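Novice: after the sequence you'll find the predicted model.
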Amino acid sequence: MKKALTVIALIGLLAGSAAAQDWKLGVQTYSFRKFTFCETIDTVSKMGVKYVEAYSKQEIGGGIEGKTDYKMDAATRDAIKAKLAAAGVEIISYGVIKGKDEADWRAIFDFAKAMGFKTIVSEPLPEHYDLLVKLCKEYGIDIAIHNHAEPTPYWKPETTLAACKGREGIYGSPDNGHWARSGINSIDGFKLLEGNMKSIHIKDMAVFGDVKAKDCVPLGEGVCDMPAVFAELKRQNYKGAFILEYESEPENPAPSIKKCVDYFNAQAGDLAKPSCCSKCNACTAKKDVFTKNVNDLWKDVDISKTGWDKIPEPPKAAPKKKPAKKKTVKKQTPAKQTPAKKAPAKKTTAKKQTAKKPAANKEPAKPQTLEQYLQGSQKWCAQNNKEWNKEKATKAFHRMDTDKDGILTPKEKATGKKKQEQNKKKQK
């Protein structure tokens, strides 16, 4: 019982941490705008990052001509995909990009489909909303609306929310760094967009409320209260992507981006732990504990450190007392009211009533039909190794006194049996 209760408790704690465990971290390649796309892929791969959000103006490099523009030819697309596969990195989204008309938007969606990513990050024109809903449904690819600082079109989260509401396939991709520049608290913005975010550009800023501020700082070192941000997104069960966009130090952003990656992984890891782990840390000793079958968790958990082994056994329920049977058999003996002269018959009746005492408190049996009688007699013969004959059983049934419907009542059945006995005595 203790082990079962412990399993239940552990499952509940792990389930509550699933959102943080499933978070995906990517890097916006604009952070490495002074480097080629291939160099960026090699760098983030060494950091353990598996996803990037590409933008349209970066030189490809690696012997591949051109830029990461959505209008590239098929051969260039294939070369980029080969590079990504070799590095174990995936394009998870693309932007910030905006189509001029339907043909231009279709070219962007075609590029997304060919490259295999499902999110296009954009600042679309309001007059294109209906077109984008149609294209999102047609391609199975989403639009995520991005914001820059005030006074750009989507600097207020309320504007993004209004664009998403009632439009299937259109979500938000807020940038909390630009919110900070515009004097908007990150927590307030994320709460407003709860349930309407597909990806997030995650930043920490050196100052708050200055639209001209350019300096990002590594996560956790600025004014954006990153622990509270991550806690809020866990509360929302957010399952979209986190995109690191580090705008400072373009000549050498890698060291600061590595700090951001480490900080993110630490925050996500802490939020993914059960709430009790601050005390014992017993169930997260190994990194892969959350990927195991529940039954395998016992190999890694020291129950003595958790206190769960001291869970008391639940009290056993007292056995239910059966209600006392009412002794009403003697009072309900109408069959005994027979004339005193017929003593032998009285004895026979008394014996039969004694045999039927267990059923005294039951409801009277329902009238018996011929079919029921035949079934009962056949069952009795089988139980007593007797040969059963349907014709004889039918005749036996009809020898009893029956009413006009051929149904025998319990009282009439008893009377019929008496007459059978009397007929046998006469025959003798």
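Specialist: Looks like it came in fine.

Novice: in the stretch 251-400 of the chain, which segments are predicted with low confidence?
Specialist: 273-368, 400 (pLDDT under 70).

Novice: repeat that for 90
Specialist: Counting by pLDDT under 90, the ranges of the stretch 251-400 of the chain that qualify are 269-400.

Novice: how long is stretch 143-152 end to end?
Specialist: End-to-end distance of stretch 143-152: 18 Å, with C-alpha to C-alpha, to the nearest Å as the criterion.

Novice: which residues touch it?
Specialist: 93, 95-96, 119-124, 132, 136, 154-157, 160, 163-164, 169-175, 178-179, 181-183, 197-199, 201, 211 (C-beta atoms under 8 Å, 6 or more residues apart in numbering). Any C-beta I mention is one placed from the backbone N, CA and C, and that applies to glycine too.

Novice: if we use 7 Å, what do you get?
Specialist: 93, 95-96, 119-124, 132, 136, 154-155, 160, 163, 169-175, 178, 181-182, 198-199, 211 (C-beta atoms under 7 Å, 6 or more residues apart in numbering).

Novice: buried ones among those?
Specialist: With burial judged by 16 or more other C-beta atoms under 10 Å, the buried subset of the contacts of stretch 143-152 is 93, 95-96, 119-124, 132, 136, 154-155, 160, 163, 169-175, 178, 181-182, 198-199.

Novice: quick check: residue 53 is in a strand.
Specialist: Yes: under DSSP: H, G, I helix; E, B strand; the rest coil, residue 53 sits within a strand.

Novice: got the confidence number for it?
Specialist: Residue 53 carries a pLDDT value of 98.

Novice: give the full set of residues in contact with it.
Specialist: Applying C-beta under 7 Å, 6+ apart, the residues near residue 53 are 26, 28, 29, 92, 93, 94, 95, 121, 243.

Novice: wait, isn't residue 59 in contact with residue 65?
Specialist: No: counting by C-beta atoms under 7 Å, residue 59 does not reach residue 65; the two are 9.1 Å apart.

Novice: between those two, who's got more neighbours?
Specialist: residue 59 (17 against 11; other C-beta atoms under 10 Å).

Novice: for the residue nearest to that one when sequence neighbours are not counted, give me its contacts.
Specialist: Spatial nearest neighbour of residue 59, chain neighbours left out: residue 36 (4.8 Å); criterion: C-beta to C-beta, 6 or more residues apart in numbering. Neighbour list for residue 36: 59, 60, 61, 62 [criterion: C-beta under 7 Å, 6+ apart].

Novice: derive a PyMOL selection command for the buried subset of these.
Specialist: Buried subset of those, written as a PyMOL selection, criterion 16+ other C-beta under 10 Å:
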select buried, resi 59+60+61
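
Novice: pick out whichever of the contacts of residue 36 sits closest to residue 247.
Specialist: residue 59 (18.6 Å; C-beta to C-beta).

Novice: okay, the closest one: pLDDT?
Specialist: For residue 59, the model assigns a pLDDT of 98.

Novice: repeat that for residue 408.
Specialist: We have a pLDDT of 51 for residue 408.

Novice: repeat that for residue 421.
Specialist: With respect to pLDDT, residue 421 scores 70.

Novice: helix, strand, or coil at it?
Specialist: Going by three-state DSSP, the secondary structure assigned to residue 421 is helix.

Novice: at which residues are the strands of the chain located?
Specialist: Taking DSSP state E, the strands of the chain run over residues 24-28, 51-54, 59-61, 64-67, 90-94, 119-122, 142-146, 170-173, 199-202, 204-205, 216-217, 241-244.

Novice: export those strands to a markdown table and tack on distance to residue 398?
Specialist: Below are those laid out as a markdown table (distance: least, C-beta to C-beta, whole Å):
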| stretch | distance to residue 398 |
| --- | --- |
| strand 24-28 | 84 |
| strand 51-54 | 88 |
| strand 59-61 | 102 |
| strand 64-67 | 102 |
| strand 90-94 | 87 |
| strand 119-122 | 85 |
| strand 142-146 | 82 |
| strand 170-173 | 82 |
| strand 199-202 | 87 |
| strand 204-205 | 98 |
| strand 216-217 | 102 |
| strand 241-244 | 85 |
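
Novice: can you say which of those strands is nearest to residue 101?
Specialist: Nearest of the strands of the chain to residue 101, taken as C-beta to C-beta: strand 119-122 at 14.0 Å.

Novice: alpha carbons of the closest one, as CSV, please.
Specialist: The C-alpha trace of strand 119-122 is given here as CSV (Å, rounded to 0.1, in the frame of the first residue of the first chain):
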residue,chain,number,x,y,z
THR,A,119,5.8,28.9,-37.8
ILE,A,120,6.3,32.1,-39.7
VAL,A,121,7.0,35.1,-37.5
SER,A,122,5.6,38.3,-38.9
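
Novice: now for that strand, which elements pack on it?
Specialist: Other helices and strands packing on strand 119-122, by 3 or more C-beta pairs under 7 Å, 6 or more residues apart in numbering; DSSP states H and E, are strand 90-94, strand 142-146.

Novice: one more pass at 8 Å, please.
Specialist: Here strand 119-122 touches strand 90-94, helix 102-115, strand 142-146, going by 3 or more C-beta pairs under 8 Å, 6 or more residues apart in numbering; DSSP states H and E.

Novice: what mean pLDDT does the last one have?
Specialist: Averaging pLDDT along strand 142-146 gives 98.

Novice: tell me the contacts of the residue lying closest to residue 245 once chain neighbours are set aside?
Specialist: The shortest distance from residue 245 to any residue other than its chain neighbours is 3.9 Å, reached at residue 28 (C-beta to C-beta, 6+ apart). When contacts are counted by C-beta under 8 Å, 6+ apart, residue 28 touches 52, 53, 55, 201, 243, 244, 245.

Novice: out of those residues, who's the most crowded?
Specialist: In terms of neighbours by other C-beta under 10 Å, those top out with residue 243 at 30 neighbours.

Novice: that one and residue 223: what is the separation?
Specialist: Using C-beta to C-beta, to the nearest Å, one obtains 20 Å as the distance from residue 243 to residue 223.
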